[in-house]
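Novice: only geometry, no sequence info:
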């Protein structure tokens, strides 16, 4: 018996069949002018043979959008070559994906049958093809399962953690070329929301391409030469280097995304061209994406706002922050050929401090694990001053919790330990016994060292550093010297994961607008990406092979509550679990939130259409532009060359 499943945002009953959302297939489809010459030369089949037999027909009129024209080049900027992966985020072709109302529906898949939240039968679109024209079938899922996830050379850690529920590994079967079945003994309500993430687990691989790098299929001599040429140590290292579904830095790797990477990743100018086999079309028979080419240029992060102001982008949000709004609005007013939209920000906090409870220094670790210390740090932050100075009073002051747009929002969680109270903070530190001071007035740690609290940053956002500068002054009144240390983002992350970072500053939870049906796993120590507990997260993610188990009672309690959520489908119980977990975070201050809801500037060319005036800028859920379907954006004059 098929029945609806509680998904990541709302209860939905339409997930089991795509036709409930789809339109009828147009009787005629139109060839792309971009690929017309390749078709005429016989190098590519015509559009009728490139589309799946059941393409996803987009109902633009139902969205209040207009039909577009194919063509044009969209310019955007990134600050690092690694950010090429944003094309996978923005393109947002997923097996299932979030809709504008944050329900989940099939996308790459034709449909999904769900039985008791534990058996998921995935139905592929007949005739769907990879970007190089090879068939996309269940064999690609089988390759991932047998020769990636379960190959100890390719994946030494074994199958991913989402495949294991209650210490039991799920089963995957492949009844026919268009059907894949994932099955567990007990419900796994997190499965489909994981597939809809901005950075999802890709449970399929282009087998026809990657098998040439796998020892089971490749010619041994040819494989050895490939290993030598790539300057790696083994065939498995070569395989993993070529397998970059999310990194998107291998132009030879076939894809299902709307645009194909055609550039060497070492280039500062990256070009992505339309996927001739893409599965979405509009109801007039025009294949998406509307835009032919995306040009992504690597520039210094500090130059993005200036270049946007100069009209050198057609769509830009990444690299722009609230402080850039004034210069962008001025450029728009002075005749710039762009609009500056202000979208809501979906992150739980835009600035949050994370004391590392897994810090390698045992003295500091014990101090930070004392809840009174974290309370004192939070009470010593003048959020109102930060809001006035950095955000003109437009942001929300408070801790890291669900935002007001969420039905789980509670003001007492937002305000917990968030008022500015130096006297109370000092009293808490005195209560801890941290009363000895240096001649300059700094408190001393129990081993006599001066209390110098080092917060490491990625050095990418000026408001983080400006906020820390303000906090430096107020914490000095607590007898704590804040030392700010900017690092490269990758170095920062690696230091955090290794336990060598004392504290860090970053965004809050990506999802600040959860519902009771949203999985609360990210509130529990299940991921090293929550910078307060990297080692606990590693322990969970690697099934105990790395890191160590949570050894603080509130963290253990979060794990138990998350487990309870996974084992109930009762909406009232799930709501109660969420409320308990949010209350624990508000009390424990694992992540010390400072500011939330400052608008995110979005620069949009005046030529670009179908970009919503209002939206939520969030990585998860929504994949930034992904939920707004960037493949439906188009230029009203696609053949005009701008900025050339």
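Specialist: Yep, that arrived. Model, not experiment: these values are computed from the prediction.

Novice: max-length helix in this structure?
Specialist: helix 571-588 (DSSP state H).

Novice: name the element the residue lying closest to residue 25 once chain neighbours are set aside belongs to?
Specialist: Distances taken as Cβ to Cβ, 6 or more residues apart in numbering place residue 57 nearest to residue 25, at 6.0 Å, with adjacent residues excluded. Using the backbone N, CA and C atoms, a C-beta is placed for each residue, glycine as well. Assessed by DSSP states H and E, residue 57 sits inside strand 56-58.

Novice: list the pairing partners of that strand within its sheet, with orientation.
Specialist: Using DSSP bridges, the strands paired with strand 56-58 are strand 280-282 (parallel).

Novice: quick check on the residue with the largest distance to the centre of the chain: phi, psi?
Specialist: Most distant residue from the mean C-alpha position of the chain: residue 439, 46.8 Å away (Cα atoms, centre = their mean). Main-chain dihedrals, residue 439, degrees, to the nearest 10: phi -60, psi -30.

Novice: how near is it to residue 347?
Specialist: For residue 439, the distance to residue 347 equals 42 Å [Cβ to Cβ, to the nearest Å].

Novice: circling back: what pLDDT does the model give the residue farthest from the centre of the chain?
Specialist: Residue 439 carries a pLDDT value of 96.

Novice: sorry, back to before: which is the next helix or strand following the strand holding residue 57?
Specialist: Trace forward from strand 56-58 with DSSP H and E and the next one is strand 73-78.

Novice: what packs against that following strand?
Specialist: Under the contact criterion of 3 or more Cβ pairs under 8 Å, 6 or more residues apart in numbering; DSSP states H and E, strand 73-78 touches strand 293-298, helix 304-309, strand 315-316.

Novice: now the element after that strand, going C-ward?
Specialist: Immediately after strand 73-78, counting by DSSP H and E, sits helix 86-91.

Novice: what's the offset of that next one from the middle of its chain?
Specialist: 10 Å (Cα atoms, centre = their mean, to the nearest Å).

Novice: over to stretch 174-183?
Specialist: Using Cα atoms, centre = their mean, the offset of stretch 174-183 from its chain centre is 28 Å.

Novice: residue 638 and residue 291, how far apart?
Specialist: 8 Å.

Novice: which residues do the two both contact?
Specialist: Listed contacts common to residue 638 and residue 291 are 70-72; contacts here mean Cβ atoms under 8 Å, 6 or more residues apart in numbering.

Novice: which one (most neighbours) among those?
Specialist: residue 72 (26 neighbours; other Cβ atoms under 10 Å).

Novice: so is the nearest residue to that one once chain neighbours are set aside in a helix, a strand, or just coil?
Specialist: The shortest distance from residue 72 to any non-neighbouring residue, by Cβ to Cβ, 6+ apart, is to residue 638 (3.5 Å). Three-state call for residue 638 (DSSP: H, G, I helix; E, B strand; the rest coil): coil.

Novice: now do the strands in the stretch 151-300 of the chain.
Specialist: If DSSP state E, counting those that start in this stretch is used as the criterion, the strands of the stretch 151-300 of the chain fall at 164-165, 168-169, 171-176, 179-183, 259-261, 269-274, 280-282, 293-298.

Novice: so which of those is nearest residue 410?
Specialist: Residue 410 sits nearest to strand 164-165 of all the strands of the stretch 151-300 of the chain, at 30.3 Å, using Cβ to Cβ.

Novice: point out where the stretch 151-300 of the chain drops to low pLDDT.
Specialist: 265 (pLDDT under 70).

Novice: how about the helices in it?
Specialist: With DSSP state H, counting those that start in this stretch, the ranges of helices along the stretch 151-300 of the chain come out as 191-195, 207-210, 220-230, 235-242.

Novice: quick one, what contacts the closest residue to residue 46 other than its chain neighbours?
Specialist: Of all residues not flanking residue 46 in the chain, residue 39 sits nearest, at 5.4 Å (Cβ to Cβ, 6+ apart). Going by Cβ under 8 Å, 6+ apart, residue 39 touches 31, 45-47.

Novice: now do residue 400
Specialist: Counted by Cβ under 8 Å, 6+ apart, residue 400 has contacts 348-349, 352, 508-509, 585, 591-593, 596.

Novice: one more: residue 482?
Specialist: Counted by Cβ under 8 Å, 6+ apart, residue 482 has contacts 453, 455, 468, 471-472, 475-476.

Novice: quick one: strands adjacent to the helix or strand that it is a member of?
Specialist: Element membership for residue 482, per DSSP H and E: strand 481-486. Strand pairing for strand 481-486, using DSSP bridges, gives strand 452-457 (parallel).

Novice: what sits up against the strand it pairs with?
Specialist: 353, 377, 442, 464-465, 468, 475, 480-487, 492, 495-496, 501-505.

Novice: now do it, average pLDDT.
Specialist: 98.

Novice: which positions in stretch 163-178 come out as buried?
Specialist: Under the neighbour-count criterion of 16 or more other Cβ atoms under 10 Å, stretch 163-178 has 163, 165, 170, 172, 174, 178 buried.

Novice: what's the answer for stretch 312-324, then?
Specialist: 312-324.

Novice: and stretch 409-422, by the same measure?
Specialist: Within stretch 409-422, judged by 16+ other Cβ under 10 Å, the buried ones are 409-410, 413-414, 416-418, 420-421.

Novice: how distant is that stretch from the center of its chain?
Specialist: Centre to centre, stretch against its chain (Cα atoms, centre = their mean), the figure for stretch 409-422 is 27 Å.

Novice: identify the residues contacting residue 140.
Specialist: Residue 140 touches 204-207, counting by Cβ under 8 Å, 6+ apart.

Novice: now it: how far from residue 107?
Specialist: From residue 140 to residue 107 the distance is 16 Å (Cβ to Cβ).

Novice: cool, residue 579 as well?
Specialist: Residue 579 is 32 Å from residue 107, by Cβ to Cβ.

Novice: so for the two, which sits in the more crowded spot?
Specialist: residue 107 (22 against 16).

Novice: the nearest residue to the more buried one once chain neighbours are set aside: neighbouring residues, count only.
Specialist: In this structure, residue 107 finds its nearest non-sequential neighbour in residue 97, 4.3 Å apart by Cβ to Cβ, 6+ apart. Residue crowding around residue 97 was assessed by other Cβ under 10 Å; the count is 23.

Novice: gap between residue 117 and residue 638?
Specialist: From residue 117 to residue 638 the distance is 45 Å (Cβ to Cβ).

Novice: widest-spaced pair of the buried residues of stretch 409-422?
Specialist: 409 and 421 (23.3 Å).

Novice: hang on, the earlier thing: ok, residue 638 and residue 291, which is more surrounded?
Specialist: Ranked by neighbour count (other Cβ under 10 Å), residue 638 and residue 291 place residue 291 first, with 28 against 18.

Novice: my guess is residue 461 meets residue 322, correct?
Specialist: No - using Cβ atoms under 8 Å as the test, residue 461 is too far from residue 322 to be in contact (9.7 Å).

Novice: sorry, back to before: looking at the helices and strands packed on strand 73-78, which is nearest to residue 446?
Specialist: helix 304-309 (45.1 Å).

Novice: distance from that closest one to the middle of the chain?
Specialist: 24 Å.

Novice: and for stretch 159-170?
Specialist: So, by Cα atoms, centre = their mean, the centroid of stretch 159-170 is 22 Å from its chain's centroid.

Novice: cool, thanks, talk later.
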